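Novice: Just need the structure, nothing else, for what follows:
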Amino acid sequence: MNWTSIIAVFLGGGLGSVSRYALSYYIVKYTQATKLPIATLSANVLACMVMISILALGYKQKELTQPWQLFMLVGFCGGLSTFSTFSFENWILLKDGYHLALVANIILSVGICLLLFFLAAKYFIAIK
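Specialist: Residues are numbered from 1 along each chain as shown. All right, here's what the predicted structure looks like:
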């Protein structure tokens, strides 16, 4: 870890977070209300598409420098949605044949996070 890497992640993360905010703002503003969280779904899908595009454009061939990889993959995609990283890591587990680890990662990630919200809503804060 060096300052160039830290700055790349910081700047990419900021840009990704602002992009998520803008995307969510405009989706909520211009679409009808629905039970499906379309803004979050859109951010998740967009982040996955960006990550796949970056990987396809040369990440494996090392055509992108490490700071650009960190800026786009860790920073921007992470700021836009950590779901892209979650999906990519699950894809690697599936591709490499680690099916038990794949199922455990999905169940634990989703299950623990939902449990935390349940406990927080029940004991600590009022979550609508």
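Novice: List the contacts of Thr19.
Specialist: You called it Thr, but residue 19 is Ser. By C-beta atoms under 8 Å, 6 or more residues apart in numbering, the residues touching Ser19 are Phe76, Gly79, Leu80. Just so you know, the C-beta spots here come from the backbone N, C-alpha and C atoms, and that holds for glycine as well.
Novice: wait, which of those residues is closest to Tyr123?
Specialist: Gly79 (30.4 Å; C-beta to C-beta).
Novice: That closest one against Phe10, yeah?
Specialist: No. Assessed by C-beta atoms under 8 Å, Gly79 is found out of contact with Phe10, at 9.7 Å.
Novice: who's more crowded, these two?
Specialist: Between Gly79 and Phe10, Gly79 has the larger neighbour count (other C-beta atoms under 10 Å), namely 23 against 14.
Novice: And the host helix or strand of that one, what does it pack against?
Specialist: For Gly79, the host element (DSSP states H and E) is helix 77-80. Under the contact criterion of 3 or more C-beta pairs under 8 Å, 6 or more residues apart in numbering; DSSP states H and E, helix 77-80 touches helix 3-30, helix 38-54, helix 83-95.
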